[in-house]
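Undergrad: Requesting a structural model of the entry that follows:
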Amino acid sequence: MLQDHTTRQFDTDIDRLRSVVTMMGGLVERQFVRAIDAVRLRDLGLVAQVLADEQRVNQLHLESDLRCNQTIARRQPIAIDLREIIAIIHTNNDLERIGDEAKKIALKSRELQNADPLPITFERIERMAQTVADMLRTAIDAFVRHDTAAATALNERDDEVDALRDDLIAEMMDLMTKRSEIVSPAMALIFIVQSIERVGDHAKNIAEYVVNVVEGVDMRHADESIASREALEETRRG
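TA: Now for the predicted structure:
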């Protein structure tokens, strides 16, 4: 649990910024689920809903950035307070990019509307998408509860998603070499699978920002930092 801030107004500012994150998180999760359903059901109505949500996500993104900048200017936060505001900025950037990936999936689904079913089961793509949706929910929950353990868990799930992506793309590439008539829909599915994987990456990023807020550790460069410290110690011992 993070400590209370020195002024009640600062608490109010932070609470408002956090609420935008959770609101954006809910919106982009809905976008992502609808985009996958648009592919599965070949439903152009769902595509339209994804595109409509995109406008609201972009609006919230801009509003949040402005509020973060205003809070920094007014309150001049330091240490953990500053880390949290910066984490909110980064988190909202990742959420906006998740919305972009959902839009890409929805638009690619249009290319599958009139295509014959591919000789590949959609169940594995759905399983990959379900795993990524779970990752996103876990990341947002970690942000709300300041749960640093989620970052490790999501790293493991991300490896699972990467393996599914590689298997699916390899299978579709193989199909395209054997059946030239399915190249176009297969390429659309490849782009969809790649977008699903990127959503997982963004979810993992969000969980890692929580670690930076609570522990002051930047997970993006944690391995490099450890290696540098070990090299320094080895030099001193030598």
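Undergrad: which residues touch G26?
TA: Each residue near G26 by CB atoms under 8 Å, 6 or more residues apart in numbering is listed here: I140. The way it works is simple: take the backbone N, C-alpha and C, and place the C-beta from them, glycine included.
Undergrad: what residues does stretch 124-138 touch?
TA: By CB under 8 Å, 6+ apart, stretch 124-138 touches 25, 28-29, 32-33, 36, 39-40, 98, 150, 153-154, 157-158, 160-161, 164-165, 167-168, 189, 192-193, 196-197, 199-200, 202-204, 207.
Undergrad: Which of those are buried? Put it as a PyMOL command.
TA: In PyMOL syntax, the buried subset of these is picked out as below (16 or more other CB atoms under 10 Å):
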select buried, resi 25+28+29+32+33+36+39+40+98+150+153+154+157+158+161+164+165+168+189+192+193+196+197+199+200+202+203+204+207
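Undergrad: what residue lies at the spatial centre of this structure?
TA: H202 (2.7 Å; CA atoms, centre = their mean).
Undergrad: contacting residues around the residue lying closest to that one once chain neighbours are set aside?
TA: Nearest residue to H202 in three dimensions, chain neighbours excluded: D94, at 4.1 Å (CB to CB, 6 or more residues apart in numbering). Contact partners of D94, counting by CB under 8 Å, 6+ apart, are 202-203, 205-206.
Undergrad: T71: what's its closest spatial neighbour, skipping adjacent residues?
TA: Closest to T71 by CB to CB, 6+ apart is D13, at 4.8 Å.
Undergrad: Let me know the secondary structure of that neighbour.
TA: In terms of secondary structure, D13 is helix; the call rests on DSSP: H, G, I helix; E, B strand; the rest coil.
Undergrad: Could you check how far stretch 207-215 is from the centre of its chain?
TA: 15 Å (CA atoms, centre = their mean, to the nearest Å).
Undergrad: Since that was my last question, I'll sign off now.
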